[in-house]
Structures are given as structure tokens and as C-alpha cells.
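> I'd like to go over a predicted model; first the sequence, then the structure.
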Amino acid sequence: MGVPIHTSHTILSANGHDNVESVSIAAVDENFVPIPGSEQSFECDAILIAVGPDPVSEFYQKAVDFKMKAFVAGDAEEIAEASAAIFSGKIKGLEIAQAMGKEIGEIPAAWYRTGAILKSRPGNVFIEDLPNLAEGVVPIFHCSQEIPCDPCSSLCPHGLIIVDKKDIRSVPTFVGNNYCCEVCEKCVAGCPGLAITLVDYRANPEKPIVSIPYEFSSEMITRDDRVTILDTEGNSLCDTEVFDIHSIKTSDRTMIIQVETDKEMAPHIAGIRIQSPRITQPMFQYVNHVTDDTIVCRCEHVSAGEIRALIREGYKDINEIKTVTRACMGACGAKTCASLIRRIFREEGIPNDKIIDPSKRPIFIEVSLGLLAGENSEESK
């Protein structure tokens, strides 16, 4: 789509005055430490912040520390995909019922296997297996890595798309021939990864029509516009005119863009470019990040400069920094500033194993003064 993906990079800062004007990024090493000299800044007006890598499980961990029977599910157990969190909750709900003495029977072992698959990391990467029979109608699967995903297997009205039910990380397979597909385009519109295209050779085998999924505003592209078509790696294949743009009844949010192209190129088409390459070029001047006046602890209004000065004095215990500056003592319980302080430690060259994390708050339950005085709740009524 013309949007570059910078793997093994992290955002250093969002820059601007009254609104976001640019973002600064850098490559990171195996310890997630920014690599000096790799910094770049890009003009932008919005940043999507993903906050998923750190599970919020402090309450559960404290319950375990105090030998309390506790259960954890979903993203508090492990950061994974939404369906993994839902399935984890289903299992943990039954485990809680069992712990309470409810007769629910044995939890199927297959559920645990499915849960493990849904939480699994991406597996093997394969070379795209592109069909070379230029006739009829052929769906092209551009997903070439093992991931837990199988919506396409339930989309085909004739059941011609197969994903191994025992392990949904398998790459999908089309089991029909070139004349089985009725071009309903449900697989194209329904794939959450926009990884399926449809090549229709019936009208003109030399110039087939390719159906491509598109999830941006329909006002950005209209019929007869010239677009740049791309392969799976984002490489430009050619410029061509839009033959048609439409939606299907079962999916009005994913549009289908159709283009006419040479038969040799058709199976390789995976998407269209939606913005010019010049938009994603780095700025000439790098914008510095985490300046001394940057607020690290919002609750107690502690700046990066205050933290950095203490680190340079030899502080390595975040609890000591908390005592001096009140950072990590706010209402959020250090959910924001603790990770930022660790980042400043890394920027100052302090290894992770030398940093002492702040102590977590103990588990607590609110009780009335009367209860502490021995008041019986039944008698007080």
C-alpha cells in the first residue's frame, strides 16, 4: 500500500507543539536498546500507539505472593490476539467454577491445545505458491506464513478453501479446479489480512481481471483512475486503470477494486499503493527525543532531566529515584513512568541487570473501622 514497515525499530518521540508534526524512530538491538546513528524523523499528523506488550497483572501477582487462590486470563495472562484472550477466558471461567466445587465435567484437552495455538508465535515462512494455469477463475492466497487464522475456510459457499482444523496455523488451500469458483468475492472481502485476490481469466485470458481488497475511503479512488499495483513485498509492478470498484452485500466496509493487467503479472498482484513514496521519506533534519524538559511522570510532574541527573550521579535503584523525585508515586501506580525511566537508564548505558525496579504496592482490601474494632456486621443491623 506504499506504507513502509520498519521492523526492529521503536518510536523515540512524538514531536510538535499544539499537535503531532513528526515522529522520531531508531533501530534497536537484541536488548531493545536504540542503536546510535540509526535515528530518523518523519513528518506525520497522527501516531497509533500500541500498548499491548506489557500485561497488567500486578493484582494477580500480589495475590500469588500472598498465597491466595487466583486466576488470570486474557491479556493479563499473556499478550496475544483477541481470539486467544476470549478462548483463555472461556477456559479460566470453567477452571474457576471447578475450584468453587461446581460439577461441570472435565475441560476438553482440545481446548487447551486450541488455546496454545491461538497464542503461538508466527511459524514457518513459505515461498508464495502461485498457480500458473491461466484460465477460469483462481483465488490467490498471499499469506505465506504459519499464523493462527482461518476465517477464509468458512467464507467460500462451496467449501473450497481448506485450512487444517487440527492446526489453523496452516496456510489455506483451494481444493477446487479453475471452474469451481462463482466469483462471489466473499473470500477477498472477508480475509482480515487482505491477503486474498481473485484472478478472472474468463473474458480475456491475456488480460485477466484481478479483484483486490481495499479498506480505505472509497472517495480516494474512482473508476478509470490510474493506480500503482504492488506485489506481496510492496514492490511496484506497474500502473494501470481501475476497471471497477464495488462492495459485496456481506461486507460493505471492504471495497473490491478490479484492475485489468497482463496474465503474467496477474497472480503476483497483492495490493495497490495508496500514497506517494515521497510522503514516507525521512526528514532532512533529525528531531531530538526525550529532552530534559520532557515530563516522564505525569502524576507527580517529574521531568526527564531530573531522572537523568540522578542516573548520572550513580542512582540505579528506581525506588531511590522515587524517594528523591516522587516519580512512580502517583495514582497510576507507575504504569507509565516506570518503563520510561528504564528507557532513560538504557540511553545512559546502564545494563538491564543493574537496574532495580520499583516495589509494587501490596494487595489490599478496604474494611470499615467498626470491623477492626470487633463489630459484628449481623449485630450492627
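Structure's in. What do you need? Numbering: from 1, shown residues only.
> Nearest the middle, which residue of this protein would you pick?
Centroid-nearest residue in the chain, with Cα atoms, centre = their mean: Ala50, separated by 7.1 Å.
> That one and Ile11: what is the separation?
10 Å (Cβ to Cβ, to the nearest Å). All C-beta spots, glycine's among them, are computed from the backbone N, C-alpha and C.
> Leu133 - how many residues pack around it?
In terms of burial, Leu133 registers 10 neighbours under the definition other Cβ atoms under 10 Å.
> no, scratch that, I was asking about Ala134
16.
> which residues sit in contact with it?
Taking Cβ atoms under 8 Å, 6 or more residues apart in numbering, we find Ala134 in contact with 201, 205, 208, 263.
> how about it, secondary structure?
Taking DSSP: H, G, I helix; E, B strand; the rest coil as the rule, one finds Ala134 in the coil state.
> Val64 and Lys360: what is the separation?
Separation of Val64 from Lys360 (Cβ to Cβ) stands at 12 Å.
> quick one: contacts for Ser170?
Going by Cβ under 8 Å, 6+ apart, the list of residues near Ser170 reads 146, 163-164.
> about what we covered before: using the three-state scheme, assign the residue nearest to the centre of the chain.
coil.
> per-residue confidence for it?
As summarised for this prediction, Ala50 has a pLDDT of 70.
> can you map out the helices along the protein?
With DSSP state H as the definition, the chain shows helices at residue ranges 58-65, 82-99, 109-118, 186-190, 304-312, 318-325, 337-347, 369-372, 377-380.
> Tell me if I'm right that Lys119 and Ile79 touch.
No. In terms of Cβ atoms under 8 Å, Lys119 does not count as a neighbour of Ile79; the distance is 9.1 Å.
> Confidence-wise, which helix or strand of this protein is lowest on average?
Among the helical and strand segments of the chain, the one scoring lowest on mean pLDDT, DSSP states H and E is helix 377-380, with a mean of 57.
> Would you mark the buried spots in the single longest strand found in the chain?
In the chain, assigned by DSSP state E, the strand with the most residues is strand 236-248. Of the residues in strand 236-248, those with enough neighbours to count as buried (16 or more other Cβ atoms under 10 Å) are 237, 240, 242-243, 245.
> Asp262 and Glu206 touch, don't they?
Yes. Asp262 is in contact with Glu206 according to Cβ under 8 Å; the separation is 7.4 Å.
> if you count what's nearby, which of the two comes out ahead?
Asp262 (12 against 9).
> give me the number of residues near the closest residue to that one other than its chain neighbours?
Counting by Cβ to Cβ, 6 or more residues apart in numbering, Lys207 is the residue found nearest to Asp262 once chain neighbours are left out, at 6.8 Å. Counted by other Cβ under 10 Å, the residues lying close to Lys207 total 13.
> re earlier: which two of the buried residues of strand 236-248 have the greatest separation?
When the buried residues of strand 236-248 are compared pair by pair using Cβ to Cβ, the farthest-apart members prove to be Leu237 and Ile245, with a separation of 18.8 Å.
> re the thing from before, mind putting the helices of the chain into TSV with mean neighbour count and distance to Val3?
Converted to TSV, the helices of the chain look like this (neighbours: other Cβ atoms under 10 Å; distance: least, Cβ to Cβ, whole Å):
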stretch	mean neighbour count	distance to Val3
helix 58-65	15	36
helix 82-99	16	23
helix 109-118	14	27
helix 186-190	23	20
helix 304-312	18	30
helix 318-325	18	37
helix 337-347	19	26
helix 369-372	9	58
helix 377-380	8	61
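> which one of those lies closest to Ile35?
In this view, the helices of the chain are compared for proximity to Ile35 by Cβ to Cβ, and helix 337-347 is the closest at 11.5 Å.
> could I get that closest one in CSV with only the CA atoms?
What follows is helix 337-347 as a C-alpha-only set of coordinates in CSV (Å, rounded to 0.1, in the frame of the first residue of the first chain):
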residue,chain,number,x,y,z
CYS,A,337,6.8,6.3,34.1
ALA,A,338,8.5,3.1,35.2
SER,A,339,9.0,2.0,31.6
LEU,A,340,10.1,5.5,30.6
ILE,A,341,12.6,5.6,33.5
ARG,A,342,14.1,2.3,32.4
ARG,A,343,14.4,3.7,28.9
ILE,A,344,16.4,6.6,30.2
PHE,A,345,18.6,4.1,32.0
ARG,A,346,19.3,2.4,28.7
GLU,A,347,20.0,5.6,27.0
